[in-house]
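K.L.:
using only what follows, build the 3D model:
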Amino acid sequence: MFVGPSPPQTPLTNRRNNHRPRNSTVSSALPDLFLAAVSLLFLWSSPKPLLSLPPNRFSFPLNPNRRQSTVMSRRSPPPPSQRFANPQSLSDWLESRLPSDSFSAWGVKPGTKNVHNLFIELSEGETSLADSTPPVRTVNVVIVRVIGKDGRTILIESHQELSDGSIRERFRPLSEKMKPEETPDEAVFRAIKEELGSIFDCNDDDDISGQRIRILPGTYSRRVEERNSVSYPGLPARYALHSVDATVQGLPEEDFCTEEKEYDGDSKEEYAGKAVTVKRHHWKWVSPESIRL
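P.N.:
Model (predicted):
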């Protein structure tokens, strides 16, 4: 019994020997060859991935319609671990890798930090150090351009008063090192709470983040900057800068200052007493064009 119509001239399959004639094998191979040819053509015509992308730049004056370069909720990967038992072991490790005149200025030159600060940053995962000579410090930083009520000014930190009595000039928007696995928007709320929260005189996180802060959509950008660290002379640094525009309700319209207690309740509080900390932040409203980048 035949299954389906069969032309008279087509040889029948020998069922007893389960043998097919040679020309049926050739016919069945044709669709496979056709599919293979189509697959190769598709792969050849597909667009090639970009090897590299140019870094995003800050855009001034403020432009709320800037295209996002990365999803705001994307978490930054934790930095590679470079562990030290205590600040002294870190100091010994750095001493042979940095110019002696630069390393000796840490915590001595006005506006600089010391090895205790760097040890705390490493312990908290905010910073990583490459095992090289000199080492390269890598850190993710969130930058918040707080927009004034009139939409024409931006809040900048003019300078800081440090715990050693020195003054560190800043003249830049609010910025904060990001925590491991922290998203940019999470870092924005935390940075505003820590550095501007004292002006509101409240301890309610929901009041600060939910009622006062609004991140302007479409303003996120990211760029990488490499330069020598101001806080740690002689130490090259690689900064991944995540920046957004935001509005914060309830801020004074004139110049003001805020207080911050760094390392408050921190697991490394035993070393915080010897670290150089920020006691007061001084803020002022300026035009975006006046900001140094």
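
K.L.:
let me see the ranges of the strands in this structure.
P.N.:
127-129, 137-146, 154-162, 167-172, 174-177, 213-215, 221-228, 236-248, 256-259, 278-286 (DSSP state E).

K.L.:
would a markdown table of the ones you listed with mean neighbour count and mean pLDDT be doable?
P.N.:
C-beta coordinates here come from the backbone N, C-alpha and C atoms, glycine included. As requested, those are exported to a markdown table (neighbours: other CB atoms under 10 Å; pLDDT from 0 to 100):
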| stretch | mean neighbour count | mean pLDDT |
| --- | --- | --- |
| strand 127-129 | 22 | 95 |
| strand 137-146 | 22 | 97 |
| strand 154-162 | 19 | 96 |
| strand 167-172 | 15 | 94 |
| strand 174-177 | 20 | 96 |
| strand 213-215 | 17 | 94 |
| strand 221-228 | 14 | 96 |
| strand 236-248 | 20 | 97 |
| strand 256-259 | 16 | 95 |
| strand 278-286 | 17 | 96 |
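
K.L.:
can you redo those as a markdown table with distance to Phe103?
P.N.:
Formatted as a markdown table, those follow (distance: least, CB to CB, whole Å):
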| stretch | distance to Phe103 |
| --- | --- |
| strand 127-129 | 14 |
| strand 137-146 | 13 |
| strand 154-162 | 19 |
| strand 167-172 | 19 |
| strand 174-177 | 21 |
| strand 213-215 | 39 |
| strand 221-228 | 13 |
| strand 236-248 | 13 |
| strand 256-259 | 31 |
| strand 278-286 | 22 |
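
K.L.:
and Leu98, which of those strands is closest to it?
P.N.:
For Leu98, the closest of the strands of the chain is strand 236-248, at 9.9 Å, according to CB to CB.

K.L.:
note down every partner strand of the closest one and its orientation.
P.N.:
According to DSSP bridges, strand 236-248 forms sheet pairs with strand 137-146 (parallel), strand 213-215 (antiparallel), strand 221-228 (antiparallel).

K.L.:
output the first one as CSV, nothing but the C-alphas.
P.N.:
Meaning strand 137-146. Output of strand 137-146 as CSV, limited to C-alpha atoms (Å, rounded to 0.1, in the frame of the first residue of the first chain):
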residue,chain,number,x,y,z
ARG,A,137,42.6,53.7,42.5
THR,A,138,39.2,52.9,40.9
VAL,A,139,36.0,54.4,42.3
ASN,A,140,32.4,54.9,41.2
VAL,A,141,31.1,58.3,41.9
VAL,A,142,27.5,59.7,41.7
ILE,A,143,27.2,63.4,40.7
VAL,A,144,23.9,65.1,41.4
ARG,A,145,23.3,68.4,39.7
VAL,A,146,20.6,69.9,41.9
